[in-house]
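From the sequence below, what's the structure:
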Amino acid sequence: MSEMHAGTLTRADLGDVVHRKLGLSRAESASMVERLLHHMCAALSDGQNVKISGFGSFILRDKGQRVGRNPKTGVEVPIAPRRVMTFRASQTMRDKIARD
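Below you'll find the model as predicted:
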């Protein structure tokens, strides 16, 4: 991906890479990227973690209710329990990022 511009990698960029590397049509490449993202989102919304070897893991955690404080007024506010997603890069990814 060294030919990519600096900044943000988009769905269109991913589709373009699939198009160039696999020789699929642009529509097929875009569809493949969309299906992959859809499957990842569906798994996460079903409560499953997503692990991509050599890349990283998307991990779901349930956070309990807690008391927060409005920084401006100091008034205590209850924060509802919620599910959060975190990303943990694989060691391979961390090594690659550290080298570049």
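
okay, CA-based contacts and neighbour counts for the rest of this
Fine.

got the residue ranges for the helices in this structure?
With DSSP state H applied, the chain shows helices at 11-22, 26-45, 91-99, listed in chain order.

could you dump the ones you listed to TSV with mean neighbour count, mean pLDDT and distance to Val67?
Formatted as TSV, the helices of the chain follow (neighbours: other Cα atoms under 10 Å; pLDDT from 0 to 100; distance: least, Cα to Cα, whole Å):
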stretch	mean neighbour count	mean pLDDT	distance to Val67
helix 11-22	16	95	38
helix 26-45	14	96	26
helix 91-99	11	93	35
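
Columns distance to Asn70 on top of those, output as JSON lines?
Formatted as JSON lines, the helices of the chain follow (distance: least, Cα to Cα, whole Å):
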{"stretch": "helix 11-22", "distance to Asn70": "37"}
{"stretch": "helix 26-45", "distance to Asn70": "30"}
{"stretch": "helix 91-99", "distance to Asn70": "36"}
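
what about stretch 14-31, start to end distance?
One end of stretch 14-31 to the other measures 11 Å (Cα to Cα, to the nearest Å).

ok now do Leu60, which residues does it touch?
Taking Cα atoms under 8 Å, 6 or more residues apart in numbering as the criterion, Leu60 is in contact with 44, 47-49, 83-86.
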